[in-house]
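> The amino acid sequence is not available; the structure is as follows:
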């Protein structure tokens, strides 16, 4: 099954935001994010709205260079959510001495 679910279609119509722009998916997108996170040392508690917009613009610029102009540009929320998940995962591993 491909395409958007009914919920995604409704969300897209109501907000004007394509659901795909809210998710970083696939290895290329993920590793680009991780490379940039290491390069710019993004930490969620240091990020302001302006920094998220700047980070997303740079991420999208590099994403287009890597995957071509047909790739879906990401919304700052996609980067914010992935960084939050990664930080939680790292904290859990530190707490469990699993590194």
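Ah, there it is. None of the values given here were measured: they were computed from a predicted structure.

> show me what contacts residue 71?
63, 64 (Cβ atoms under 8 Å, 6 or more residues apart in numbering). Glycine gets a C-beta too; all of them are placed from N, C-alpha and C.

> got the phi/psi numbers for it?
Main-chain dihedrals, residue 71, degrees, to the nearest 10: phi -70, psi 150.

> pLDDT value on it, please?
As predicted, residue 71 sits at a pLDDT of 96.

> Kindly provide the distance from it to residue 91.
In this view, residue 71 and residue 91 are 31 Å apart by Cβ to Cβ, to the nearest Å.

> do residue 62 as well
For residue 62 relative to residue 91 (Cβ to Cβ), the value is 27 Å.

> Which one of these two is surrounded by more residues?
A direct count of neighbours by other Cβ atoms under 10 Å for residue 62 and residue 91 places residue 62 higher, at 14 against 10.

> pretty sure that one is in contact with residue 36, am I right?
Yes: using Cβ atoms under 8 Å, residue 62 is in contact with residue 36, at 7.0 Å.

> Could I get the buried residue list for stretch 65-77?
71, 72, 73, 74, 75, 76 (16 or more other Cβ atoms under 10 Å).

> Let me know the closest of those to residue 22.
Residue 22 has its nearest neighbour among these in residue 75, at 5.3 Å by Cβ to Cβ.

> Could you check what's spatially nearest to that closest one, not counting adjacent residues?
Once flanking residues are discounted, residue 75 sits nearest to residue 21: 4.5 Å by Cβ to Cβ, 6 or more residues apart in numbering.

> now swap in residue 19 and tell me
Residue 19 sits nearest to residue 8 (Cβ to Cβ, 6+ apart), 4.2 Å away.

> still on that earlier bit, so of the buried residues of stretch 65-77, which ones are in strands?
In strands, judged by DSSP state E, none of those are found.

> So which of those residues belong to helices?
Taking DSSP state H as the definition of helices, the buried residues of stretch 65-77 contribute residue 76.
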